[in-house]
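> Attaching a predicted model along with its sequence, questions to come.
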Amino acid sequence: MWTRAELKKEARNVLKSCYWSALLVTVITSVVDNVYKVTSVVFEDMPVIRGKTLAMAALADLNLAELMAIIGVMMLTAFAGSLITVFVAGPISVGEKRYFLEGTQYRFDINNILHGFTCGKYLNVVFTNLLVNIFTALWTLLFIIPGIIKGYAYAMTPYILAENPNIKPMQAINLSCRMTKGHKLELFVLGLSFIGWYMLGALAFGIGTAFVVPYDRATHAQFYLALRSEALNKGTVTLQELEYGL
């Protein structure tokens, strides 16, 4: 049985050979993943009509046309951000997972960041990630806690896609749920174990947190491999179902 300490030790061993390329991969992923958040903040805070933002407009004397214009800008921003999230950030995330999974075998190819686009199954990758986001959102609408739990249940889906982009969307999601059954708390605690590192990184004007991310990602890749191995040994999943190609 594996432990967090063992997973982290393996991750550190891997990063000794590829830390700087791993850092570049995680920076690219973070930038793409946060485009929507950044643009939303920019458009929300920037002065638009007569110096009034949407929040200020609620208390201002803007006419209907001006208020509708502000709302229109906000909606277009949200729509553009959603497109980036679905069609760019999702595949990039799968590529990041591919990079770190191959890294566990000491094969370091930074081009793997584009694996979601170049694997020949781009639309399958996009649709699978879209389903994960929709399912998580629907569960969250019921109650916050079920949404969080389901988020952990679906967490292995991008790793499964990274290994086998040909897999059917619902099959990938189902396999993730089966692999994480009984291990969601461990995944949660694994994430918590990096809080100290992130807090330490934040002391360096927040920039230091970027240097922690490769360690985090490499450890989670080891966690996925441990789950996959355990699931195969227990017969929870089969090689035929995974059909992984690393």
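Nice, I can see it. Numbering: from 1, shown residues only.
> Can you read off the pLDDT for residue 186?
In this model, residue 186 is scored at 97, pLDDT.
> Look up how far residue 210 lies from it.
Distance from residue 186 to residue 210, counting by CB to CB, to the nearest Å: 26 Å. Any C-beta I mention is one placed from the backbone N, CA and C, and that applies to glycine too.
> where does the chain dip in pLDDT?
36-63, 66-67, 70, 78, 244-246 (pLDDT under 70).
> Would you mind finding the longest helix in it?
As assigned by DSSP state H, the longest helix anywhere in the chain is helix 4-33.
> Go through it and flag the buried ones.
Buried positions in helix 4-33, judged by neighbour count with 16 or more other CB atoms under 10 Å: 7-8, 10-11, 14-15, 18-19, 21-23, 25-26, 28-29, 32-33.
> and what of stretch 207-218?
Neighbour-count burial for stretch 207-218 [16+ other CB under 10 Å]: 209, 211, 212, 213, 214, 215, 216, 217, 218.
> now the second one, nearest residue through space, not along the chain?
If I follow you right, that is residue 211. Sequence neighbours aside, residue 201 is the residue nearest to residue 211 in space, at 6.1 Å (criterion: CB to CB, 6 or more residues apart in numbering).
> That neighbour against residue 214, yeah?
No - judged on CB atoms under 8 Å, residue 201 makes no contact with residue 214 at a distance of 11.6 Å.
> Need the residue closest to the centroid of this structure.
The centre of the chain sits closest to residue 93, judged by CA atoms, centre = their mean, with a distance of 5.5 Å.
> Could you report the separation of that residue from residue 107?
19 Å.
> who's in contact with residue 208?
200, 201, 202 (CB atoms under 8 Å, 6 or more residues apart in numbering).
> swap the cut-off to 6 Å and go again
Neighbour list for residue 208: residue 201 [criterion: CB atoms under 6 Å, 6 or more residues apart in numbering].
> Distance-wise, check it relative to residue 217.
16 Å.
> go on, residue 134?
Taken as CB to CB, the span from residue 134 to residue 217 is 25 Å.
> Ok, residue 28 next?
12 Å.
> now do residue 84
Taken as CB to CB, the span from residue 84 to residue 217 is 21 Å.
> my guess is residue 106 is in a strand, correct?
No - counting by DSSP: H, G, I helix; E, B strand; the rest coil, residue 106 is not part of a strand but coil.
> Could you report the neighbour count for it?
10 (other CB atoms under 10 Å).
> Quick check: closest non-adjacent residue to it.
Using CB to CB, 6+ apart, the nearest residue to residue 106 is residue 17, at 6.1 Å.
> same check, this time on residue 237
Spatially, and ignoring its direct neighbours in sequence, residue 237 is nearest to residue 231 (4.5 Å; CB to CB, 6+ apart).
> now the one you found, what's its secondary structure?
helix.
> same check, this time on residue 123
Per three-state DSSP, residue 123 ends up helix.
> In contact with residue 205: list those residues for me.
Applying CB under 6 Å, 6+ apart, one finds that residue 205 lies in contact with no residue.
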